[in-house]
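Asks: Quick check, what structure comes out for this input:
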Amino acid sequence: MEKLLLPVIGYLIGSILFGEIFAKLKGVDIRSVGSGNVGATNVSRALGKKYGVLVFSLDALKGFLPVYVGIRFFNAEGPFILLIGVAPVLGHMFPLFSGFRGGKGVATAFGVLLALSPGIALLSFVVWAAVLLLSRYVSLASMVASSVAPVFLIFAGHQIYVVLLGVVVALLIVLKHRSNIERLLKGEEHRV
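Replies: Sure thing, here's the model as predicted:
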């Protein structure tokens, strides 16, 4: 029974928007600043890099913990790994506590990947950093890194449900970046 509660708990943990919380504590409405996003990039712009790193770390932890607990204590595999991995990302993107208006899910997805395969997470981070360095677009780097992660998972020989988790999360991240894609195509996207 506890096993079945894990995706629900993962979703609820994912629904905690640390960017929104820290911004409120600093007297800032994060949704009315910069891109209006509650993620680490906008928090970094609005509150400074220290808060951006803190929010990224906590958002990643939201993804890491449910998957780590599922694998370590409940031998999660098969469809169950898919459920516990997607749950915190969906929670961050569509949070219960914030009217289902959340962030892009990149940091939370990184945490999920870190729990599943630290090596692939590191490799995806290197891709993210390389694309960011070359383009200076955080959104493009995030979409590329999340899209290549399932390919890395395939080549690393992970089970089909782990690869499927990677595909689902990458699709969700790209869909949440629709407005960024439009701005990229128009040449209006913000650079770092």
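Asks: where do the strands sit along this protein?
Replies: With strands called from DSSP state E, the chain shows none.
Asks: quick one, helices of it?
Replies: In the chain, helices defined by DSSP state H lie at 2-14, 18-25, 40-47, 49-74, 79-93, 106-116, 118-135, 138-155, 160-176, 178-186, listed in chain order.
Asks: So which elements touch the last one?
Replies: What that stands for is helix 178-186. helix 138-155 (3 or more C-beta pairs under 8 Å, 6 or more residues apart in numbering; DSSP states H and E). Heads up, the C-betas are built off the backbone N, CA and C, glycines and all.
Asks: what does the helix it packs on rub up against?
Replies: For helix 138-155, the external contacting residues (C-beta atoms under 8 Å, 6 or more residues apart in numbering) are 41, 104, 106, 109, 113, 116-117, 120, 123-125, 127-129, 131-132, 135, 162-163, 166-167, 169-170, 173-174, 177, 180-181, 184, 189, 192.
Asks: If we go by neighbour counts, what in it is buried?
Replies: By neighbour count on 16 or more other C-beta atoms under 10 Å, the buried set for helix 138-155 is 138-150, 152-153.
Asks: Just give the closest residue to residue 71, not the sequence neighbours.
Replies: Using C-beta to C-beta, 6 or more residues apart in numbering and skipping residues adjacent in sequence, the residue nearest residue 71 is residue 115, 6.7 Å away.
Asks: List the residues that contact that neighbour.
Replies: 63-65, 67-68, 71.
Asks: which residues of this structure score low on pLDDT?
Replies: 1 (pLDDT under 70).
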